[in-house]
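Novice: need a 3D model of the sequence below.
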Amino acid sequence: MKNWLYLFGQRPMLWLLLLINIPGTIYGYIWYGSQLESTPSHFLLFVPDSPTASLFFVLVLFAFLLRTNWPLIEALAIVTLFKYGIWAVVMNILTYFEMGYLSWASYMLIFSHFGMAVQGLIYAPYYRIKPIHLIVASVWTLHNDVIDYVFFMLPQYTVLNQYIPQIGYFTFWLSILSILITYWLCVRKERLVLQLP
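Specialist: Reported below is the predicted structural model:
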């Protein structure tokens with residue numbers, strides 16, 4: 001397993017993931033364009049959830065290429081990549097059951113967001129997250145849930161509007177699961193730790 005994971009620490013793999021994640025991050029912010037135009041300025045930071053998660057990971061990859069770690073960014077990356085990656089997959093599947101079909105863009109969102117969740121977990125042995133970093137990432141993530149479901153700044157899936165209370169409840173527990181997974185993979189003493197080549 002360690003030999004397989006070491007492949008992801010090689011510089012060609014890091015550059016490849018950057019080439020995938022940078023355009024994906026830019027596209028994500030474009031996807032939120034119309035919603036951001038109507039968002040009050042004090043909420044702007046908290047609306048584009050998935051591209052911001054991807055941006056955190058881009059910064060993590062840059063740090064790895066510089067042969068260093070930015071633990072707080074790593075904590076923000078893994079928690080939000082898993083949370084919003086799985087969230088988008090579930091929302092698009094619910095959209096299918098509600099409408100009976102999905103557009104090609106929705107299928108693209110399912111696969112790309114599932115990839116987000118997976119890549120954040122794959123690099124867990126390379127992170128150097130300490131409890132304080134996870135605490136800050138947890139506050140950020142749960143605060144974002146409040147912004148989304150108290151002030152209704154969540155991503156717009158209009159066909160699912162009637163289920164917002166249930167989605168909010170699901171999202172809260174998905175946040176808790178993301179935090180617990182991060183603790184298990186990155187903070188506890190018995191975790192797998194690798195060094196960047």
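
Novice: for residue 186, see how far away residue 89 is.
Specialist: 22 Å (CB to CB, to the nearest Å). C-beta coordinates here come from the backbone N, C-alpha and C atoms, glycine included.

Novice: which of the two has more neighbours?
Specialist: residue 186 (26 against 18; other CB atoms under 10 Å).

Novice: tell me the pLDDT of the spatially closest residue to the more buried one that is not a sequence neighbour.
Specialist: Of all residues not flanking residue 186 in the chain, residue 129 sits nearest, at 4.3 Å (CB to CB, 6 or more residues apart in numbering). The score at residue 129 is 98. That number is its pLDDT.

Novice: ok, residue 197 next?
Specialist: 82.

Novice: which ones are touching the nearest residue to it once chain neighbours are set aside?
Specialist: Using CB to CB, 6+ apart and skipping residues adjacent in sequence, the residue nearest residue 197 is residue 9, 5.3 Å away. Counting by CB atoms under 8 Å, 6 or more residues apart in numbering, residue 9 touches 64, 126, 194-197.

Novice: and those, which of them are buried?
Specialist: Taking 16 or more other CB atoms under 10 Å as the criterion, what is buried in the contacts of residue 9 is 64, 126, 196.

Novice: kindly export whichever strand or helix holds the first one (C-alpha atoms) in CSV.
Specialist: What that stands for is residue 64. Secondary structure from DSSP states H and E places residue 64 in helix 49-65. Below are the C-alpha coordinates for helix 49-65, written out as CSV (Å, rounded to 0.1, in the frame of the first residue of the first chain):
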residue,chain,number,x,y,z
ASP,A,49,-18.1,25.8,-1.7
SER,A,50,-16.6,23.3,-4.2
PRO,A,51,-14.2,25.6,-6.0
THR,A,52,-12.9,27.0,-2.8
ALA,A,53,-12.3,23.4,-1.6
SER,A,54,-10.5,22.7,-4.8
LEU,A,55,-8.5,25.9,-4.4
PHE,A,56,-7.3,24.7,-1.0
PHE,A,57,-6.1,21.5,-2.6
VAL,A,58,-4.3,23.5,-5.3
LEU,A,59,-2.4,25.3,-2.6
VAL,A,60,-1.6,22.0,-0.9
LEU,A,61,-0.1,20.7,-4.2
PHE,A,62,1.9,23.9,-4.6
ALA,A,63,3.3,23.4,-1.1
PHE,A,64,4.2,19.8,-1.9
LEU,A,65,6.1,20.9,-5.0
